[in-house]
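>>> Turn this into a model:
(chains A, B, C and D)
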2 protein chains.
Amino acid sequence: MAVTLADVAARAGVSAATVSRVLSGNYPVAGATRSRVLRAVEELEYVVNGPASSLAAASSDLVGVLVNDIADPFFGIMASAVQSEMEPEKAGGKLAVVCNTGGSPQRELTYLTLLQRQRAAAVVLTGSAVEDPEHAEALSARLRRLAAAGTRVVLCGRPPLPEADGDGDDGGTGDGGKGIPGGGAPLTVAFDNRGGARRLTGHLLALGHRRIGYVAGPAERTTTRHRLEGHRAALADHGRDHGHDLLAEAARLTVHGAYDRSSGYDGTLELLRREPGLTAVLAANDTVALGVCAALREAGLSIPGDVSVAGFDDLPFSADASPALTTVRIPLHDAGARAGRLALGRESAPPGGVATVRTELMVRASTAAPRANRPVPQAG
Amino acid sequence: MAVTLADVAARAGVSAATVSRVLSGNYPVAGATRSRVLRAVEELEYVVNGPASSLAAASSDLVGVLVNDIADPFFGIMASAVQSEMEPEKAGGKLAVVCNTGGSPQRELTYLTLLQRQRAAAVVLTGSAVEDPEHAEALSARLRRLAAAGTRVVLCGRPPLPEADGDGDDGGTGDGGKGIPGGGAPLTVAFDNRGGARRLTGHLLALGHRRIGYVAGPAERTTTRHRLEGHRAALADHGRDHGHDLLAEAARLTVHGAYDRSSGYDGTLELLRREPGLTAVLAANDTVALGVCAALREAGLSIPGDVSVAGFDDLPFSADASPALTTVRIPLHDAGARAGRLALGRESAPPGGVATVRTELMVRASTAAPRANRPVPQAG
DNA sequence: CCTGGGATAGAAAGCGCTTTCTAAAGCGAG
DNA sequence: CTCGCTTTAGAAAGCGCTTTCTATCCCAGG
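Below is the predicted model:
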């Protein structure tokens, strides 16, 4: 039913081989022949049969992008950046397949199989990893095998895979995909979540805050752990410098939730119950921060007058919230673009296979020095 | 290098045909044989070669989803819903390919070719269409040909394609893809933008607003036109009932921009210049509304005290903006899910091939009755 | 005028799978 | 017991393309 190579060949009065060569363009074809073929292609409205060509050439132009939640701009921005690197104009029509894993390691594996089945040229995994050792192990093994088989594997916004064997102290192999053609080992574009969180908490401490609540993300995710570590590191710094141990309180002032608004809302209520005298609340990310703000306001507290609030990520809406949110900016677009280039092999692998992108503290209106006396809401 | 069907067959001591039958499951295979094959598949970690299977079966399990901007939650939500309908558990591992067209008709066509090349099983086009007759014509023809060739084509959030021929008054053929197997004609899930805008403007008029500015979207998009038509219809309704012609002013109080925050900001500045006495501003969508609010605040006007603001879409952040945004809710998730089911043929085509989803007016804090005397900002 | 080599194009062998078409059993009925 | 049917499995022919491997053709050099 569909027009095939043979049809074009017949029309142009050449062999199928010649048509193929004209279209792929990596073999000399005489000018006259070429234009005759091209005309036939035009006239017949011929469109290459992708599967057939992938089969014969043993390669495809699909690139998988795994995201936790495509409706979340955090992932949307990264996915968009990855895809912008393979615009038809730039990369000869690679197709990005965006897969919504919902953050489930199980689904992640399933999609990986699906992509492997399509013989995807590369796979980009975004979003934080789950720390469950069993899944982590299965995923690492899987990714490493995929990479070894020639599929480019890039992790974006999650920590590098643990070392495969016992050798090699700490990710310093230095041959991030040099040896084996087409990759060989998974590459990573990591975010400096620890440093960002540390600076953010440092900012709050510098303003004079001492009772800082933390509505953290899901306990089992690496991103959550890293941000929490940065937070505590800042607390520890402060204790060291001022002989005032804030770390002891940290656990009591931390609650965990999901990366959504209602977690921020519920978490804040819980924090207020535990410590009505809070002067600042840190949120797992900006979306959570919105929920934090809502809960605070309902409790009759003003921001930043009574309580300061800060988020993480700096999504587009963060600057528009009111008050504008103090947050840690993650250059999602740059990170995604870089991951995309790495996935296409258009950028050489970073040393050790790991590139870390900087995060930046964005101080805005939602944080200010704490007031001496502020109204204390009635406990729930 | 990779494990093939033949390897599995050899290991299981059966023919390749049998293995294929076990895996596709649409042919009887004796229980003992089946489990022997399954075990071999396990042991060899066999993964089907998608391209080969697509080639042989002349079908693929890719579904294309075209979006204007994947980083925008409006599209993210729809894409997510489409994809949720083809979870591996539900639809046997269909893969959604999300393509970012940036709203360019040119890129839309390019991606369509890419998808066609992959022999995609279906294509879902989201986002408003461009009204440029030339492109519209090219796109319609293309989609119709695709559909006729067996690819399911679903439009989501854009108006149905114009009738192909001169016959048929107004999209009432009633055989939305019944005749030809696998579709035949493009299907549509349309939004009631006109009705929504009409109700929204009605709400403002009922509150007592008479000088209503409109920061509309790009002039050439259908969505923009429909919302504008609804707006003007409400204005006309009012004139008819109260003998007070607001329509004459409408053009002067309308400015066009893109669907982004800065358009809202700039547009509002321009509107304020044209009519410092505005008491309400309607925005093309919620993102634009954020920019409108920012500009208003900078001009020293309070919301809704001095000026009411309303948006469109009801994205997740809209309820959290402050003040919470009055807006017209579009059930994006439902619409996307429906489009997904239509694309997979899991839901029968609606009468006439067009399903319209209802929009709902969400009245929140950003709109209120106008004040008798309000400060008038200095013109820029 | 002959010959070696570069440029160009065709023939044909797959790529790994699906799917007829065909064959071999296994079984109840006559 | 034999016949004819159902059930199950293998053989083999492609699906449409890429890519060697070859075969021309043409021209410069001898």
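>>> only C-alpha atoms for contact and neighbour calcs from this point on.
Fine.
>>> Select the longest helix from chain A.
Scanning chain A for the longest helix, with DSSP state H as the assignment, gives helix A:222-242.
>>> show me the contacts for the nearest residue to A:V82 once chain neighbours are set aside.
Closest residue to A:V82 apart from its sequence neighbours, by CA to CA, 6 or more residues apart in numbering or on different chains: A:G340 at 4.4 Å. Neighbour list for A:G340: A:81-83, A:85-86, A:124 [criterion: CA atoms under 8 Å, 6 or more residues apart in numbering or on different chains].
>>> and what of A:S59?
Contacts for A:S59 (CA under 8 Å, 6+ apart) come out as A:119-121.
>>> secondary structure element for it?
Per DSSP states H and E: A:S59 is located in neither a helix nor a strand.
>>> re earlier: tell me the buried residues in the longest helix of chain A?
A:222-238 (16 or more other CA atoms under 10 Å in any protein chain shown).
>>> Not counting its own residues, what contacts that helix?
Contacts of helix A:222-242 (CA under 8 Å, 6+ apart): A:128-131, A:158-159, A:193-202, A:205, A:216-219, A:244-247, A:250, A:284.
>>> anything in stretch A:24-42 sitting right up against DNA strand D?
Yes - interface with DNA strand D: stretch A:24-42 contributes A:S24 (CA under 7 Å from any atom of the strand).
>>> Just checking that stretch against DNA strand C, any contact.
Yes - contact of stretch A:24-42 with DNA strand C (CA under 7 Å from any atom of the strand) involves A:28-30, A:32-34.
>>> Please tell me how far A:A337 sits from DNA strand D.
28 Å (CA to the nearest atom of the strand, to the nearest Å).
>>> likewise A:S54?
Counting by CA to the nearest atom of the strand - A:S54 and DNA strand D are separated by 7 Å.
>>> Next secondary structure after the helix or strand containing that residue?
Assigned by DSSP H and E, A:S54 belongs to helix A:50-57. The C-terminal neighbour of helix A:50-57 among helices and strands, as given by DSSP H and E, is strand A:62-67.
>>> re earlier: tell me which two of the residues of stretch A:24-42 next to DNA strand C sit farthest apart.
A:P28 and A:A32 (11.8 Å; CA to CA).
>>> Output the set of residues of chain A in proximity to DNA strand C.
Residues of chain A lying near DNA strand C (CA under 7 Å from any atom of the strand): A:13-18, A:28-30, A:32-34, A:52, A:55-58.
>>> which of those are buried?
Taking 16+ other CA under 10 Å as the criterion, what is buried in those is A:14, A:16, A:18, A:33-34, A:52, A:55.
>>> Which pLDDT value goes with A:G243?
We have a pLDDT of 82 for A:G243.
>>> rewinding a little: host element of the residue nearest to A:V82?
Per DSSP H and E: helix A:332-344 holds A:G340.
>>> Specify the next element, helix or strand, located C-terminal of that helix.
strand A:354-357.
>>> residues in contact with that next one?
Contacts of strand A:354-357 (CA under 8 Å, 6+ apart): A:160, A:176, A:187-192, A:330-331, A:335.
>>> Max pairwise distance over these: which two?
Farthest pair in those, by CA to CA: A:G176 and A:I330, 23.9 Å.
>>> hang on, the earlier thing: inside helices: which ones of the residues of chain A next to DNA strand C?
Per DSSP H, these map to helices at A:16-18, A:32-34, A:52, A:55-57.
>>> Taking these together, which two end up most distant?
A:A32 and A:L55 (29.7 Å).
>>> before we move on, back to that, closest one to B:T254 out of the contacts of A:G340, please.
Using CA to CA, the contacts of A:G340 come closest to B:T254 at A:A81, 33.3 Å.
>>> gap between the closest one and A:A335?
Distance, A:A81 to A:A335, using CA to CA, to the nearest Å: 8 Å.
>>> low pLDDT regions in the stretch 51-200 of chain A?
Scanning the stretch 51-200 of chain A for pLDDT under 70 picks out A:91, A:164-183.
>>> tell me which parts of it are close to DNA strand D?
A:52-57.
>>> wait, is A:Q83 part of a helix?
Yes - assigned with DSSP: H, G, I helix; E, B strand; the rest coil, A:Q83 falls within a helix.
>>> Please look at it and B:G102 and confirm they touch.
No - in this structure A:Q83 lies outside contact range of B:G102 using CA atoms under 8 Å: 11.1 Å.
>>> Give me the more crowded residue out of these two.
More crowded of A:Q83 and B:G102, by other CA atoms under 10 Å in any protein chain shown: A:Q83, with 27 against 16.
>>> so what's that one up against?
Contacts of A:Q83 (CA under 8 Å, 6+ apart): A:95-96, A:337, A:340, B:99-100.
>>> if we go to 7 Å?
A:96, A:340 (CA atoms under 7 Å, 6 or more residues apart in numbering or on different chains).
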